[in-house]
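Q: generate a structure from the sequence data that follows.
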Amino acid sequence: MSAATVRVGTRASLLATTQAGHVAELIRTRLGREAELVEIATDGDRSQAAGTPLTAVGGTGVFVGALRDALLRGEVDVAVHSLKDLPTYPAEGIALAAVPGREDPRDVVVARDGLTLGELPVGSRVGTGSPRRAAQLHALGLGLDVVGVRGNVDTRIGKVRSGEYDAVVLARAGLARIGRLEEATEVLDPLQMLPAPGQGALGVECRSDDALAADLAVLDDPHARAAVEAERAVLATLEGGCSAPIGVLAEVAEGDDGDEIWVRAIALSPDGALAVRMSASGDPADAVGVGNRLAAEMLADGAGQLDTRQHDESEQVRNA
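A: Below you'll find the predicted structure:
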């Protein structure tokens, strides 16, 4: 192996290796260095293969630890993650060196017979492994039977094709990256379902003391970075006083006085009967501050009690 070759750590799934391959190609074209993929087994992958619910083994962070350990041991030079899997707290010795251009962060439906959510009959079985998606599906009031599902994209879509489920809800970005977007029967508007913080974005990590960190900065997309920083700030602040399902979407757009970041967020009771939904805007250079302020306002409006409050039918959704 040439000394110049960058070892890119990845999970072994098709989606993960596709994402890591994209970053490896960016390293080749923008840094002028060779790159090779190194597959690392994670606790999340092992639990997924065993059919264990993700929430039972520590949440999305279970996909990250093994890659970070390999990075710190020097087995790989770079680790590539789905950014929504990254915990919001910092990891000692590791830097988020780049957030490349982001895929469309919205969720999609893959349903039988080409149906949309609204066209599915009452009682239809809709699969998702995400409490965030489950709560927002319940909140739509369509009378769907929302059930858990694990496994990769093939496994989940296969449950629809076999008739076990009527539909599943997935990230649009994942289907797009593996060339299966045509299987989506509906792209969900964020007014219906806000995505997970960081969904559709990649996180490129390296050791913080590695000179490679400065080189990898050329892979960073400033708008994508600002958006995910705002989204993760919302999540970090809400996680401090809220265990409710959370959806967040930030977008950078051109305003009258230059670029502006607009952040929308929702926190829901697990059954979707109660929700606090708010939005905020500000300077992309202060993306973290905008996210923190928005989350603080949501906590002040009751987001921290959504998972424990008795549901009042007269207060189904709170908007501010």
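Q: looking at the record's assignment, how would you partition this protein?
A: Domain assignment for the chain by automatic domain parsing gives 6-100+202-220, 107-187, 228-319.
Q: redo those as CSV? Include mean pLDDT and distance to Leu194.
A: C-beta coordinates here come from the backbone N, C-alpha and C atoms, glycine included. CSV is the format used below for those (pLDDT from 0 to 100; distance: least, CB to CB, whole Å):
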stretch, mean pLDDT, distance to Leu194
domain 6-100+202-220, 88, 12
domain 107-187, 96, 7
domain 228-319, 86, 3
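Q: helix/strand/coil for Pro270?
A: Counting by DSSP: H, G, I helix; E, B strand; the rest coil, the backbone at Pro270 sits in coil.
Q: could you report the neighbour count for it?
A: By other CB atoms under 10 Å, 16 other residues sit near Pro270.
Q: ok, it - contacts?
A: 131, 134-135, 244-245, 307 (CB atoms under 8 Å, 6 or more residues apart in numbering).
Q: show me the two of the residues you listed that sit farthest apart.
A: Ala134 and Asp307 (13.2 Å; CB to CB).
Q: compare those two (neighbour count), which wins?
A: Of the pair Ala134 and Asp307, Ala134 is the one with more neighbours under other CB under 10 Å, namely 23 against 15.
Q: ok, back up a step: can you put the contacts of Pro270 in CSV and add distance to Asp145 and secondary structure?
A: CSV is the format used below for these (distance: CB to CB, whole Å; DSSP: H, G, I helix; E, B strand; the rest coil):
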residue, distance to Asp145, secondary structure
Pro131, 16, helix
Ala134, 11, helix
Ala135, 15, helix
Ala244, 22, coil
Pro245, 18, coil
Asp307, 22, coil
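Q: and which of the residues you listed is nearest Arg112?
A: Looking across the contacts of Pro270 and measuring by CB to CB, the closest to Arg112 is Ala134, at 19.4 Å.
Q: so who does that closest one touch?
A: Counting by CB under 8 Å, 6+ apart, Ala134 touches 128, 146, 245, 270, 272.
Q: make it 7 Å
A: 128, 146 (CB atoms under 7 Å, 6 or more residues apart in numbering).
Q: roughly how far does it sit from Ala95?
A: Remark: distance between Ala134 and Ala95 (CB to CB, to the nearest Å) = 34 Å.
Q: let me see the ranges of the helices in the stretch 201-320 of the chain.
A: Applying DSSP state H, counting those that start in this stretch to the stretch 201-320 of the chain gives helices spanning 212-216, 222-239, 287-300.
Q: pick the most buried one from those.
A: helix 222-239 (a mean of 23; mean count of other CB atoms under 10 Å).
Q: how about the CA coordinates for that one, as PDB?
A: Extracted C-alpha coordinates of helix 222-239, given in PDB (Å, rounded to 0.1, in the frame of the first residue of the first chain):
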ATOM      1  CA  PRO A 222     -20.700  25.300   3.700                       C
ATOM      2  CA  HIS A 223     -24.500  25.200   3.300                       C
ATOM      3  CA  ALA A 224     -24.700  21.500   4.300                       C
ATOM      4  CA  ARG A 225     -22.400  22.100   7.300                       C
ATOM      5  CA  ALA A 226     -24.500  25.100   8.500                       C
ATOM      6  CA  ALA A 227     -27.800  23.200   8.100                       C
ATOM      7  CA  VAL A 228     -26.600  20.100  10.000                       C
ATOM      8  CA  GLU A 229     -25.000  22.200  12.700                       C
ATOM      9  CA  ALA A 230     -28.300  23.900  13.300                       C
ATOM     10  CA  GLU A 231     -30.200  20.600  13.300                       C
ATOM     11  CA  ARG A 232     -27.800  18.900  15.700                       C
ATOM     12  CA  ALA A 233     -27.900  21.900  18.000                       C
ATOM     13  CA  VAL A 234     -31.700  21.600  18.200                       C
ATOM     14  CA  LEU A 235     -31.300  17.900  19.000                       C
ATOM     15  CA  ALA A 236     -28.500  18.400  21.500                       C
ATOM     16  CA  THR A 237     -30.500  21.000  23.500                       C
ATOM     17  CA  LEU A 238     -33.700  19.000  23.400                       C
ATOM     18  CA  GLU A 239     -31.900  15.800  24.400                       C
END
